[in-house]
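1. build me a model:
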Amino acid sequence: MTEHRDDVVLVVSTWPDEKAASAVARELVLDRLAACVQVLPGVLSTYRWKGRLETATEVRMEAKTTPGRLLELQRRLAERHPYEVPEILVLPVVDGLPAYVHWVRAETFHAP
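-> Residues are numbered from 1 along each chain as shown. Just a heads-up that it's a prediction; the model follows:
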C-alpha cells in the first residue's frame, strides 16, 4: 500500500477524435498538470443525450495527476473540450507501486 492513498488520482475523459485528445494530452504533460496521459482510440460509447439514444466512436483519455493539480487540470479539460457537457471523472487511486506514485508526484510538482 502506498504511503498516502490520495497522492494520485486518475482523470478519465472521452473525446471525439484522437487529434484533439492528443493535443490536450501533450499540453497537460508539458504544463505539469499530469505526469502521464494515455489516449486510447476506438471506444464505442452508447448513451442518452437530450432524450435520444446515441452511439459514437470516441477516444478515451486517462490522466495521472495529484490532488494539488486536479482543479487546474479539470478547468483545462473543460476549457479545451468541444462537447457541451464533457465527461471528466476523477477516480481515486487506492494503491500503486510506490516508485510510480512518487514519479507522478514529482512530475506534477508545482511550487506555489
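2. those strands in this structure, which residues are they?
-> 9-15, 36-49, 52-65, 89-92 (DSSP state E).
3. please produce JSON lines containing these, extended by mean pLDDT, distance to residue 99 and mean neighbour count.
-> For glycine as for every other residue, the C-beta is placed from the backbone atoms N, C-alpha and C. What follows is these, written out as JSON lines (pLDDT from 0 to 100; distance: least, C-beta to C-beta, whole Å; neighbours: other C-beta atoms under 10 Å):
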{"stretch": "strand 9-15", "mean pLDDT": "97", "distance to residue 99": "17", "mean neighbour count": "20"}
{"stretch": "strand 36-49", "mean pLDDT": "97", "distance to residue 99": "14", "mean neighbour count": "13"}
{"stretch": "strand 52-65", "mean pLDDT": "98", "distance to residue 99": "14", "mean neighbour count": "17"}
{"stretch": "strand 89-92", "mean pLDDT": "96", "distance to residue 99": "19", "mean neighbour count": "11"}
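4. residue 108 is nearest to which of the ones you listed?
-> strand 52-65 (5.4 Å; C-beta to C-beta).
5. partner strands of the closest one, with direction?
-> Strand 52-65 sits in its sheet next to strand 9-15 (antiparallel), strand 36-49 (antiparallel), going by DSSP bridges.
6. residue 80: which of those strands is closest?
-> Of the strands paired with strand 52-65, nearest to residue 80 by C-beta to C-beta is strand 9-15, at 9.5 Å.
7. may I have the closest one exported as CSV, CA atoms only?
-> This file holds the C-alpha atoms of strand 9-15, laid out as CSV (Å, rounded to 0.1, in the frame of the first residue of the first chain):
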residue,chain,number,x,y,z
VAL,A,9,-5.9,10.4,-8.9
LEU,A,10,-6.9,9.1,-12.4
VAL,A,11,-8.9,11.6,-14.5
VAL,A,12,-11.0,10.0,-17.3
SER,A,13,-12.4,11.9,-20.2
THR,A,14,-13.7,11.0,-23.7
TRP,A,15,-13.0,13.0,-26.8
